[in-house]
Structures are given as structure tokens and as C-alpha cells.
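Novice: just need the structure, nothing else, for what follows:
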Amino acid sequence: MKSRGLVVGIAAVLTVAAAFFVFLYTNGVKHEAATGGALSTVIVSKQDIPANTALDPLIEQGVFSQLQVPTDAVVDGAITDPSQLRGLTTTAPILANEQIPASRLNTGQAPAGGSLGITEGNMGVSIELDTARGVEGHVSNGDNVVVFATFSPDTLIRKSDLKQLLSPAQIQKLIDLSQGGTVPVANSPVIKLGVPFTVTLVPSVRVLDVQNPVVDDTGKASSGNISLTLDLTPADATNVIFASENANIWVALLPPQDPHGYPSEGTFGPSFNTVVGGVK
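Specialist: Residues are numbered from 1 along each chain as shown. Coordinates of the predicted model:
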């Protein structure tokens with residue numbers, strides 16, 4: 001009987017011990033699962049959200065919820081608290097149940113100068129040039145350029161526009177060189193130029209945006225025009241637009257160390273036919 005009782009006692013002890021080890025194993029597995037793959041909380045949307053959507057109303061509607069994701073899977077700048085969405089607007093679509101990176105959000109207020117960074121009081125004006133007159137595609141955003149305009153001798157131009165383009169001394173020089181070629185048209189404020197002239201329209205202007213032709217394998221720009229958007233004052237914008245319609249525009253790229261350009265006067269001269277002995 002004593003032997004039987006001893007066996008039963010040993011069996012009971014072994015059962016308790018086994019149960020204890022199972023308990024330890026189970027808790028160890030749970031602990032490993034919890035700590036071996038660390039989780040982080042991110043905020044997701046319960047629905048698709050289009051771009052340009054104000055988020056405050058969606059917060060009030062309870063559209064956003066928390067989601068546990070592996071820490072090493074959290075995207076850069078992920079929103080981790082609904083309060084971070086207050087006062088923001090989406091700049092790109094957000095899909096349901098995806099993490100919301102801060103890069104897809106903004107305050108809903110336009111940045112100073114707009115997307116192009118236009119100087120206060122100025123305006124962005126675009127001009128299109130062929131590659132030769134656009135520095136062969138070497139102009140980049142943020143560069144400073146000089147804008148020139150070359151008018152042909154048969155150009156009709158208003159006196160008021162001429163006063164904007166040239167100084168009084170230059171206007172007088174133009175008339176003297178014209179040798180009678182500058183004539184009024186029906187007593188109007190419009191005159192006809194007698195000689196060609198090139199003038200600096202804008203001594204220096206910052207390039208807000210540029211669309212250059214595609215560069216080939218040799219590093220040279222392929223055929224195609226260049227589009228430049230310039231940060232112009234209203235007065236300069238008027239002159240550039242006028243010249244775009246009535247003259248040939250050229251731009252020259254200024255070096256970084258001289259972004260303000262160089263003073264220069266207009267260049268006047270006789271027509272090509274006069275130089276080669278043709279009819280004036």
C-alpha cells in the first residue's frame with residue numbers, strides 16, 4: 001500500500017510539474033510573438049479619400065482609425081495620431097486602410113509665391129524660343145537670364161511702347177539713324193522704324209520654370225523649342241509680351257556670380273539691304 005501511495009504521489013508531482021512547464025512554454029510563445037515582431041500604431045482611413053479633400057470634416061465623421069502594423073513596415077512620416085490631421089488637406093489620393101504619410105498632406109494654404117515661387121508684386125510670364133535663342137537648353141530653374149529683343153526696320157510700334165523700351169537719347173538716336181525712315185502712320189501714335197535695333201528688355205530676371213528639349217546621347221539638345229517662365233515685374237511683362245508679338249527675343253544666361261546682369265545700351269544699325277548696297 002505504501003508503494004502504491006508513493007507512486008500516486010510521484011505521478012501527481014509530475015503532473016503538476018508538466019502543467020507548470022506547459023504554462024511557462026505558452027507564456028514564452030506569447031511573449032516572443034509580442035516582442036519578436038514589434039508593432040506600432042498608425043492612423044488609416046476607413047474609406048478612399050480623393051486629393052484636395054479637407055480632413056477636419058472626416059475626423060468629425062470618425063473616418064479615421066488606429067491600426068497596428070509591424071514597426072519595420074511603418075512608412076516615413078506616417079500619421080500616428082488623428083490630431084495630426086487637424087487643419088490639413090490631401091494633396092494626393094489616400095486609399096482605405098493604407099498608412100497616411102505626411103507628404104500627401106498640406107495646410108490647404110498656398111505657399112508664398114505659389115507653386116512657382118513668384119516674387120511678391122511680380123507675375124510669371126512664359127515665352128517660347130528656339131534652341132539657339134534659348135542658350136541651347138542650358139537654362140535651368142532658378143537661373144538668371146537677360147532678355148533681348150531685335151526689331152526689324154519695318155516694325156510698326158507705338159510711341160508709348162518705344163518710350164518704355166528706349167531712353168529719350170536712344171529714341172533720338174534711332175530717329176537720326178533712320179534718315180527719314182521713321183514716319184507717322186495716318187497721324188496716329190504709331191511709327192515705322194527705319195533701321196533695325198536690338199535692345200535689352202530685361203537686364204536680369206529669374207527663371208521660374210523651364211521646359212528644355214530632350215538631350216541626345218552626345219549631351220546636345222535635340223530639335224524643338226524651349227519654354228521659359230520668367231519672374232517679371234508688370235512693366236517688364238508688358239515689354240516682353242509686346243516684343244514676343246513684334247520682334248525676335250533672345251535670352252542670355254548670366255553666371256551665378258553676376259546674377260544682376262550688366263548695363264548695356266541698345267544697338268542700332270542700317271538694314272542688311274543698305275549694308276550690301278541694295279534698296280533702302
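Novice: for Thr150, which three-state class applies?
Specialist: Using DSSP: H, G, I helix; E, B strand; the rest coil, the structure places Thr150 in strand.
Novice: which strands and helices lie in contact with the longest strand along the chain?
Specialist: As assigned by DSSP state E, the longest strand anywhere in the chain is strand 197-211. Under the contact criterion of 3 or more CB pairs under 8 Å, 6 or more residues apart in numbering; DSSP states H and E, strand 197-211 touches strand 123-129, strand 144-151, strand 226-232, helix 234-246, strand 267-268. Backbone N, C-alpha and C define where each C-beta goes, glycine included.
Novice: let's see that with 10 Å instead.
Specialist: Helices and strands touching strand 197-211, by 3 or more CB pairs under 10 Å, 6 or more residues apart in numbering; DSSP states H and E, are strand 123-129, strand 144-151, helix 159-165, helix 168-178, strand 226-232, helix 234-246, strand 248-253, strand 267-268.
Novice: just put the ones you listed in TSV and tack on mean neighbour count and mean pLDDT.
Specialist: Formatted as TSV, the helices and strands packed on strand 197-211 follow (neighbours: other CB atoms under 10 Å; pLDDT from 0 to 100):
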stretch	mean neighbour count	mean pLDDT
strand 123-129	16	94
strand 144-151	21	90
helix 159-165	15	68
helix 168-178	15	67
strand 226-232	22	93
helix 234-246	15	90
strand 248-253	18	93
strand 267-268	16	67
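Novice: could those go into CSV alongside distance to Pro101?
Specialist: What follows is those, written out as CSV (distance: least, CB to CB, whole Å):
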stretch, distance to Pro101
strand 123-129, 30
strand 144-151, 35
helix 159-165, 50
helix 168-178, 57
strand 226-232, 29
helix 234-246, 38
strand 248-253, 38
strand 267-268, 55
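Novice: nearest to Glu136, of the ones you listed?
Specialist: Between Glu136 and the helices and strands packed on strand 197-211, the tightest spacing by CB to CB is seen for strand 226-232, at 8.6 Å.
Novice: check contacts around Val130.
Specialist: Just so we're on the same page, residue 130 is Asp rather than Val. Counting by CB atoms under 10 Å, 6 or more residues apart in numbering, Asp130 touches 136, 213, 223-226, 248, 250.
Novice: tabulate these (JSON lines), appending distance to Ser204.
Specialist: Output for the contacts of Asp130, formatted as JSON lines (distance: CB to CB, whole Å):
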{"residue": "Glu136", "distance to Ser204": "20"}
{"residue": "Pro213", "distance to Ser204": "24"}
{"residue": "Ser223", "distance to Ser204": "29"}
{"residue": "Gly224", "distance to Ser204": "26"}
{"residue": "Asn225", "distance to Ser204": "23"}
{"residue": "Ile226", "distance to Ser204": "18"}
{"residue": "Asn248", "distance to Ser204": "20"}
{"residue": "Trp250", "distance to Ser204": "14"}
